[in-house]
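J.: Mind looking at a prediction? Sequence and model below.
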Amino acid sequence: MYPLPAIDIRDGRCVRLLQGDFAQETIYGDPFEQAIAFVDQGASMLHIVDLDAARSGDATNDAIIRKIADRVGVPVQVGGGVRDRERALDLLSGGIARVVIGTLAVEQSGIALDLAEEFPDQIVLGLDHRTEIINEVAYRYVAVRGWERSGGVELFALLQTLEDAPFAGVVVTDISRDGTLLGPDLEGYRDILNRTHLPVIASGGVGTVDDLVQLAQLDVGGHSLVGAIIGRALLSGAFTVAEAVVACEQ
């Protein structure tokens, strides 16, 4: 399992939101400088989210994202606002190593499947979800358009629909834990590993090095997590990328 330091960009700045709430924002400065710092600490890949594009569909942060991709020297994975084929191709042609699609997979699954077939090593499925309790049963519903709307589809139902496509991976984010530092949904990831053969990347809640160790140790029939996205914990100084690398190797 490898760590993916996360850089969320809003209005040209590196920020973190609490549980996807745009009203609860912490600013961490210049995204490019942060990207360089993460790579200097040992990051082998970066995860970038364009929050403005995720919310409105407008790619206003492209210049910053392309600057990062051009200069950091490691692969960059980008998500946020990829709502059609043209946008995905634009990012891939601009030097982005992998593109994460979420809303597109919910609203136009046929296009998502075609992209995965055409670019099997570069298209990543993004399943960001909130849990709803209905008749004492927990359901994970996928959120879309900057997490501000429900896509109306349950996570495992969508995963079943897209399971056989050659996605490069699937990022699974528990929105209720994102930005909280309260720990990842270990049982949820164990359930997901049991239900898919796709490479799974955990996202949301990592607050300590021990959280990474526990994620790295998850194993369901030989299927383990391939990566963990880390945002606020690194930005706030809870631990370093170098420490994250060691923890993941354990």
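T.: Everything's here; your move.
J.: Which stretches in this structure count as helices?
T.: Secondary structure of the chain (DSSP state H): helices at 31-40, 51-56, 62-71, 85-93, 103-107, 109-118, 155-162, 186-195, 209-216, 232-235, 241-249.
J.: now these in CSV, with mean neighbour count and distance to Glu136?
T.: C-betas here are computed from N, CA, C, even on glycine. Listed next are the helices of the chain as CSV, based on neighbours: other CB atoms under 10 Å; distance: least, CB to CB, whole Å:
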stretch, mean neighbour count, distance to Glu136
helix 31-40, 19, 42
helix 51-56, 20, 32
helix 62-71, 17, 43
helix 85-93, 16, 40
helix 103-107, 24, 26
helix 109-118, 17, 30
helix 155-162, 18, 18
helix 186-195, 17, 17
helix 209-216, 20, 27
helix 232-235, 22, 32
helix 241-249, 18, 36
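J.: Save the ones you listed as JSON lines, and put in mean pLDDT and distance to Asp8 too.
T.: Output for these, formatted as JSON lines (pLDDT from 0 to 100; distance: least, CB to CB, whole Å):
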{"stretch": "helix 31-40", "mean pLDDT": "98", "distance to Asp8": "9"}
{"stretch": "helix 51-56", "mean pLDDT": "90", "distance to Asp8": "5"}
{"stretch": "helix 62-71", "mean pLDDT": "96", "distance to Asp8": "12"}
{"stretch": "helix 85-93", "mean pLDDT": "96", "distance to Asp8": "16"}
{"stretch": "helix 103-107", "mean pLDDT": "93", "distance to Asp8": "16"}
{"stretch": "helix 109-118", "mean pLDDT": "96", "distance to Asp8": "22"}
{"stretch": "helix 155-162", "mean pLDDT": "92", "distance to Asp8": "22"}
{"stretch": "helix 186-195", "mean pLDDT": "94", "distance to Asp8": "21"}
{"stretch": "helix 209-216", "mean pLDDT": "97", "distance to Asp8": "19"}
{"stretch": "helix 232-235", "mean pLDDT": "96", "distance to Asp8": "9"}
{"stretch": "helix 241-249", "mean pLDDT": "95", "distance to Asp8": "16"}
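J.: So for Leu127, which of those sits nearest?
T.: With CB to CB as the measure, helix 155-162 is the member of these nearest Leu127 (5.5 Å).
J.: tell me what the closest one is packed against?
T.: Applying 3 or more CB pairs under 8 Å, 6 or more residues apart in numbering; DSSP states H and E, we find helix 155-162 packed against helix 103-107, helix 109-118, strand 123-134, strand 137-144, helix 186-195.
J.: strands paired with the fourth one, and their directions?
T.: Sheet partners assigned to strand 137-144 using DSSP bridges are listed as strand 123-134 (antiparallel), strand 149-154 (antiparallel).
J.: what about those, which gets the closest to Asp185?
T.: strand 123-134 (8.9 Å).
J.: Residues contacting the closest one, please?
T.: Residues outside strand 123-134 that contact it (CB atoms under 8 Å, 6 or more residues apart in numbering): 20, 77, 79, 88, 98-102, 105, 112, 115-116, 138-143, 147, 150, 155, 158-159, 162, 167-176, 198, 201, 203.
J.: Check the residues you listed for burial and list the buried ones.
T.: Neighbour-count burial (16 or more other CB atoms under 10 Å) applied to the contacts of strand 123-134 gives 20, 77, 79, 88, 98-102, 105, 112, 115-116, 140-143, 147, 155, 158-159, 162, 167-175, 198, 201, 203.
J.: picking that back up, now tabulate the helices of the chain in CSV and tack on distance to Pro3.
T.: CSV is the format used below for the helices of the chain (distance: least, CB to CB, whole Å):
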stretch, distance to Pro3
helix 31-40, 9
helix 51-56, 21
helix 62-71, 17
helix 85-93, 22
helix 103-107, 24
helix 109-118, 24
helix 155-162, 23
helix 186-195, 15
helix 209-216, 7
helix 232-235, 8
helix 241-249, 4
